[in-house]
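In: Need coordinates for the below:
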Amino acid sequence: CALLVALISLSFGGAVGLMFLMLGCALPQYNQYWPLFVLFFYILSPIPYCIARRLVDDTDATSNACKELAIFLTTGIVVSAFGLPIVFARAELIYWGACALVLTGNTVIFATILGFFLVFGSNDDFSWQQW
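Out: Model prediction:
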């Protein structure tokens, strides 16, 4: 039951984050769809950590280079997702209000992705690796 509540909460968080992104693009006063490029960052952000989890044995307690590199690459992707709307706003491709909506959506989406890994990332009977 707890996993079902977590899954519903995570899907609601993803929907709210995408709503903020769409509002930043589609509201009549903004009407620019450049911020949709952050969708690539949403897709790319979990990939390095997922690959590292497959390659690394979790029996050792010390950190290793593969996991550290995956965290570093994920951090670069997340920072780029926050930087892109700011660059667009500074270049006057989008308005600052749209930038604020996209940054809010980024915060919600990345919190949802983090929540997904915290809830389904453990190696128990029901984990995301089985999907």
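
In: show me where this protein has helices.
Out: Using DSSP state H, the helices assigned to the chain run over residues 2-26, 38-44, 47-55, 65-90, 96-120.

In: Let's have those in TSV, adding mean pLDDT and mean neighbour count.
Out: The C-beta positions use only the backbone N, C-alpha and C, and glycine is treated the same way. Formatted as TSV, those follow (pLDDT from 0 to 100; neighbours: other C-beta atoms under 10 Å):
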stretch	mean pLDDT	mean neighbour count
helix 2-26	94	15
helix 38-44	96	17
helix 47-55	89	15
helix 65-90	95	16
helix 96-120	95	19
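
In: export those to TSV and tack on distance to Gln32?
Out: Shown next, in TSV, are the helices of the chain (distance: least, C-beta to C-beta, whole Å):
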stretch	distance to Gln32
helix 2-26	7
helix 38-44	13
helix 47-55	28
helix 65-90	8
helix 96-120	7
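
In: can you pull the contacts of the most centrally placed residue in the chain?
Out: For the chain, the residue sitting closest to the mean C-alpha position, by C-alpha atoms, centre = their mean, is Phe110 at 3.3 Å. Contacts of Phe110 were listed using C-beta atoms under 8 Å, 6 or more residues apart in numbering, and they are 45, 78, 81.

In: Same list, these, but as TSV with distance to Leu3 please.
Out: Shown next, in TSV, are the contacts of Phe110 (distance: C-beta to C-beta, whole Å):
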residue	distance to Leu3
Ser45	23
Val78	26
Ala81	28
